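[1] Need a 3D model of the following:
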Amino acid sequence: MNYTEKALALHSAGYNCAQSVVCAFCDRVGIDEITLYKIAEGFGAGMGNRNNVCGALSGAVMVAGLLGSNGDTKNSSKAETYKLSGRIEEYFSEKCKATACCDIKGLKGGSPTVSCDECIRVAVKAVEAVLLAD
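    Okay, the predicted model is just below:
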């Protein structure tokens, strides 16, 4: 099973969009699925069900931090992780035509741009393109 298939299966099993994306990469980030599930729980439905930043995008950015950060407070890797996160956001925004859950779902009077499943697909592909490309 590839990362996209795993993320979509998790979403079908009841994980929110953020949990689906970050938990799909538990083997790559070296953290167990239950811990990642707990960490990402509040990021669903646009952070706390408030329809802000898409949960799938939030999950992808969490993976960027987990893979990109050196964890060294004295010699921080923040600048590089911010660049990686920005590239993920650009990829996601280009494909989904928005980054806010409310805009993606068309909750402000517009039409939906893509489905939640498509947001998850795109977020996983962004992680693969930006962080896992050889």
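[2] need the strands for this structure, in chain order.
    With DSSP state E, there are no strands along the chain.
[3] Could you list the low-confidence segments of it?
    Within the chain, the segments meeting pLDDT under 70 span 134.
[4] Can you list the residue ranges for helices in it?
    Using DSSP state H, the helices of the chain run over 3-12, 17-24, 26-29, 33-40, 55-68, 78-96, 101-105, 116-131.
[5] Which strands and helices lie in contact with the longest one?
    For helix 78-96, the elements it packs on are helix 55-68, helix 116-131, judged by 3 or more Cβ pairs under 8 Å, 6 or more residues apart in numbering; DSSP states H and E. The C-beta positions use only the backbone N, C-alpha and C, and glycine is treated the same way.
[6] relative to helix 3-12, how tilted is the first one?
    Spelled out, that is helix 55-68. 130 degrees (axes from the mean of the first three to the mean of the last three Cα atoms, to 10 degrees).
[7] contacting residues for the closest residue in space to residue 62 that isn't next to it in sequence?
    Computed as Cβ to Cβ, 6 or more residues apart in numbering, the closest residue to residue 62 that is not its neighbour in sequence is residue 22, at 4.8 Å. By Cβ atoms under 8 Å, 6 or more residues apart in numbering, the contact list for residue 22 reads 29, 36, 39-40, 59-60, 62-63, 66.
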